[in-house]
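>>> When you get a sec, could you give me coordinates for this:
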Amino acid sequence: MVSRRGHFLGASCLDSRKASSQVVLRLAVSAEGPPLPPNFALGEQQSVSNKISYAENKHEKLQSPPGFSMESSESRVRFGPFTLDVYAMELRKFDHRIRLRPQALTLLIHLVTRAGELVTREELRDRLWGEDTLVDFEHGLNFCIRQIRRALGESAASPRFIETVPRRGYRFLRPSSGIRSLAVLPFDNISRDPELQYLVDGIPEGLIRRFALFADLRVMAWSSVGRLKSGSAPSLAFGKKFGVGAVLTGAVQSLNGILEIGVDLIDTSNGSEIWGSHYQLGQGEIVDLQQTLVAEVSRALHLHSANMRVPTPESRSPNVGAFHCYLKGRHHLNKASEEGLRRSILHFQEAINLDPLHALAFTGLAESYGLLGFFGFMNPRDSWPKAKAAAFQAIQIDDQIAEAHASLGMATLFYDWQPDAAQTYCRRAIKLGPSSSAGRRWQACCFMALGRHDESVAAATEALELDPLSPLAHILTSTAYYFGRRYDLALAEANKALEFDPHHAESHRFKGITLLQLDELEKAIPELETALRLMGEGPATLGSLGRAYARAGRAQETESIIARLKTLAERKGVASSSLAAVYVGQGDLEQAVCCLEKAVENRSSWMVLLKVEPWWDPLRKHPRFERLVRDLQGGSRFEGSS
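Numbering: from 1, shown residues only. Reported below is the predicted structural model:
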């Protein structure tokens, strides 16, 4: 059972054993105040009868007013961080009871059940005090309103819940946040324990996956927010820059095997807290915590589970050990390096060994093998079939996981070379995960392969809106412009990617090849050299640099690149298309076509783009190249690929 310990006031609370008592003191509302008129206590009995009478008028079921969240017990209404239990006569903020005098509590109940309506002072007098009351009604009513406002943490000058209508009465404001966009920022690892980092990253990433299932909520992708350092993004500035209405922040600390986790939901329009809490739990309770957080945040934002596209894949509690292995796998997969991808596979496989029905682990396995093939780190005949098998297995276990369908779309495009079929999987991924960028990313690539450039730009732009901090998202948009021969726009997007991460190898590579198309060799070569230094022996980067050296007439460097690519081709069965690029740069078109034929035989991922890749423009009229394109488009090369 996840144990909640009150409202989380910030990272400092985790370092203080006084946090809980501070919370109680802050939330408790003193009953002390001006002395009440002699007959004021009579209102308690009247309030109970009024309350019951009101419920009876509602057919014995208290209906949740529009904009409110009604809990399983029909007597409880949620607004913001507060819970009002009508029949128990209790007001709580999180798990802490707020003390209110019975008359003030009855007044609050009456206003809440009439949310959005003007309730006149005369009506309140008749309802709560009675027409013939002898008490100082004005004094009593004003005192109750002040007490309620103090309990709700607001003032008459800036009301959040209770609006004063001068000389007439009061209106309880319907709690409609209007927030339909969210960023879950990286949690802070207060322990500074590197062994805990996979868990610190895994919690917000899992939350994003769950929030992405709400049809009426746009959620920023983890590949964007995960690049931020915890605490580096002020809520107000972040919200204005990226157009999100709220951010969820958190901090994690491990003390004697117990995790202490604090979270805060912040309104980026004004920096105010919408909701927050603090939990203590064991590491085996992380799945329960994520489900609890989604429920609490969705209530605070007035989202409804009926608007969720599908149930979460973690609704079946997985093996605890398998779940932690899965989180470690995601941690390494997100590094997107060859070493990180290979390490992620080990963790995902370990998770599957512990829990053979762990659908998300199969999904992670599909992504890792797919990216190894995509970046040329692994022979495509080895990587892509494994990616497809893992994706199919994930879908067989749970066909509602958007990322599994996106991975299958990726494999169908880059291994089977069937962009039309791949789009079917991508569309399914987008439907299941409206806030997931993966489906849109590979859909954009499908449009590129088909030569539908405007549609590829549109899909890439949609992916970028969900993933605005990711260099790869900007590079995808750059690629769409590049294949459409709109090199100035492609260069602008590559520069934006480098603004977010000056050390991102693929961004330097793409900037370099775009500069090559603009015949700016002196600028292109340093970018490609930087990319090679950052990436290592990536075949695409080697081929790009070798092509630049060849065009610049730097024969010695060109031959060195050719030798390295031939070694990769022999060792991993990759690099034939990269060799072809270098030969095109040298003007040796026959050798280039021979290498492309070999690349098709080796099932090189990039052959699906043969029709649109600007590198091959000098080969367009070569008879064997024309035959290659016809064969690929006609499907004769696809036999045995599945």
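
>>> which intervals of the stretch 51-200 of the chain have sub-threshold pLDDT?
Low-confidence segments of the stretch 51-200 of the chain, defined by pLDDT under 70: 51-75, 80, 94-95, 131-135, 174-177.

>>> gap between residue 188 and residue 237?
Distance of residue 188 to residue 237, computed by CB to CB, to the nearest Å: 18 Å. For every residue, glycine as well, the C-beta is placed using N, CA and C.

>>> Show me which of those two is the more surrounded one.
Counting neighbours by other CB atoms under 10 Å for residue 188 and for residue 237 shows that residue 188 has the greater number, 20 against 11.

>>> just checking, that one touches residue 261?
No. Counting by CB atoms under 8 Å, no contact exists between residue 188 and residue 261, whose distance comes to 10.4 Å.

>>> and stretch 463-472, how far out from the chain's middle?
Its chain's average C-alpha position is 11 Å from that of stretch 463-472, according to CA atoms, centre = their mean, to the nearest Å.

>>> Please apply the same query to stretch 589-596.
In terms of CA atoms, centre = their mean, the gap separating the centre of stretch 589-596 from the centre of its chain is 43 Å.

>>> Show me which positions of it end up buried.
For stretch 589-596, the neighbour count (16 or more other CB atoms under 10 Å) marks 589, 591, 592, 593, 594, 595, 596 as buried.

>>> what does stretch 335-354 give?
Neighbour-count burial for stretch 335-354 flags 336-338, 340-341, 343-345, 347-352, 354 (criterion: 16+ other CB under 10 Å).

>>> Please flag which of those residues sit within strands.
Counting by DSSP state E, none of the members of the buried residues of stretch 335-354 fall within strands.

>>> Which one of those is nearest to residue 163?
When the buried residues of stretch 335-354 are compared for distance to residue 163 (CB to CB), residue 336 comes out closest, at 50.8 Å.

>>> Return the residues in contact with that closest one.
Taking CB atoms under 8 Å, 6 or more residues apart in numbering as the criterion, residue 336 is in contact with 371, 472.

>>> how close does it get to residue 325?
Applying CB to CB, one obtains 19 Å for the distance of residue 336 from residue 325.

>>> tell me, how many neighbours does residue 524 end up with?
Neighbour count of residue 524, defined by other CB under 10 Å: 24.

>>> For it, which non-adjacent residue is spatially closest?
Taking CB to CB, 6 or more residues apart in numbering as the measure, residue 524 lies nearest to residue 515, with 3.7 Å between them; neighbours along the chain are not counted.

>>> just residue 576 next, same as before
residue 599 (3.8 Å).

>>> helices or strands next to the helix or strand harbouring that neighbour in the packing?
When elements are assigned from DSSP states H and E, residue 599 belongs to helix 589-601. Packing contacts for helix 589-601, counted by 3 or more CB pairs under 8 Å, 6 or more residues apart in numbering; DSSP states H and E, involve helix 576-586, helix 623-634.

>>> sorry, back to before: give me the contact list for the helix or strand hosting the residue nearest to residue 524.
For residue 515, the enclosing helix or strand under DSSP H and E is helix 505-517. Helix 505-517 is contacted from outside by 471-472, 474-475, 478-479, 482, 487, 490-491, 494-495, 497-498, 501, 521, 523-525, 527-528, 530-531, 534-535, 538, 540-541, 544-545, 547-548, 551, 614-615, using CB under 8 Å, 6+ apart.

>>> picking up where we left off before, quick check: neighbours shared by residue 188 and residue 261?
When CB under 8 Å, 6+ apart defines a contact, the residues bordering residue 188 and residue 261 alike are 250, 251, 252.

>>> with those in mind, which one is nearest to residue 412?
Proximity of the shared contacts of residue 188 and residue 261 to residue 412, judged by CB to CB, is greatest for residue 250, which lies at 37.3 Å.

>>> Checking the closest one next. Helix, strand or coil?
What DSSP: H, G, I helix; E, B strand; the rest coil gives for residue 250 is strand.

>>> Verify the contact between it and residue 262 for me.
Yes. The pair residue 250 and residue 262 qualifies as a contact (CB under 8 Å) at a distance of 6.3 Å.

>>> ok, back up a step: quick one: the shared contacts of residue 188 and residue 261 as TSV, columns for neighbour count too.
Rendered in TSV, the data for the shared contacts of residue 188 and residue 261 read as follows (neighbours: other CB atoms under 10 Å):
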residue	neighbour count
250	26
251	25
252	25
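
>>> how far away is the residue nearest to residue 576 from residue 414?
Residue 599 is 13 Å from residue 414, by CB to CB.

>>> Kindly report the same for residue 160.
Taking CB to CB as the measure, residue 160 falls 52 Å from residue 414.

>>> Show me which helix or strand of this structure is least confident by mean pLDDT.
helix 19-27 (a mean of 28; mean pLDDT, DSSP states H and E).

>>> got the residue ranges for the strands in the stretch 201-350 of the chain?
Here the stretch 201-350 of the chain has its strands, by DSSP state E, counting those that start in this stretch, at 218-219, 246-255, 258-267, 273-281.

>>> Go through these and name the closest to residue 228.
Put simply, out of the strands of the stretch 201-350 of the chain the one that sits nearest residue 228 is strand 246-255, at 10.5 Å, with distance taken as CB to CB.

>>> what lines up beside the closest one in the sheet?
Sheet pairing for strand 246-255, assigned by DSSP bridges, gives strand 181-184 (parallel), strand 188-189 (parallel), strand 258-267 (antiparallel).

>>> so which of the ones you listed comes closest to residue 245?
strand 181-184 (4.9 Å).

>>> State the separation between the closest one and the centre of the chain it belongs to.
What separates the centre of strand 181-184 from the centre of its chain is 7 Å, taken as CA atoms, centre = their mean.

>>> which residues touch that strand?
Counting by CB under 8 Å, 6+ apart, residues outside strand 181-184 touching it are 204, 207-208, 211, 217-220, 222, 225, 238-239, 242-248, 297, 301.

>>> Pretty sure residue 268 sits against residue 243.
No. Taking CB under 8 Å as the definition, residue 268 is not a contact partner of residue 243, at 9.2 Å.

>>> the more surrounded of these two?
For residue 268 versus residue 243, the count of surrounding residues by other CB under 10 Å is larger for residue 268: 24 against 14.

>>> Restricting the selection to alpha carbons, write stretch 253-271 to CSV.
Written as CSV, here are the backbone C-alpha positions of stretch 253-271 (Å, rounded to 0.1, in the frame of the first residue of the first chain):
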residue,chain,number,x,y,z
GLN,A,253,14.9,10.2,-2.2
SER,A,254,15.8,6.7,-0.8
LEU,A,255,16.2,6.4,3.0
ASN,A,256,16.9,3.0,4.5
GLY,A,257,15.2,1.2,1.6
ILE,A,258,12.1,3.4,1.7
LEU,A,259,11.4,5.8,-1.2
GLU,A,260,10.2,9.2,-0.4
ILE,A,261,8.6,10.9,-3.4
GLY,A,262,7.1,14.4,-3.6
VAL,A,263,5.1,15.8,-6.5
ASP,A,264,3.7,19.2,-7.4
LEU,A,265,1.3,20.1,-10.2
ILE,A,266,1.8,23.7,-11.2
ASP,A,267,-0.3,26.0,-13.3
THR,A,268,2.1,27.7,-15.7
SER,A,269,-0.2,30.7,-16.3
ASN,A,270,0.5,32.1,-12.8
GLY,A,271,2.8,29.7,-11.0
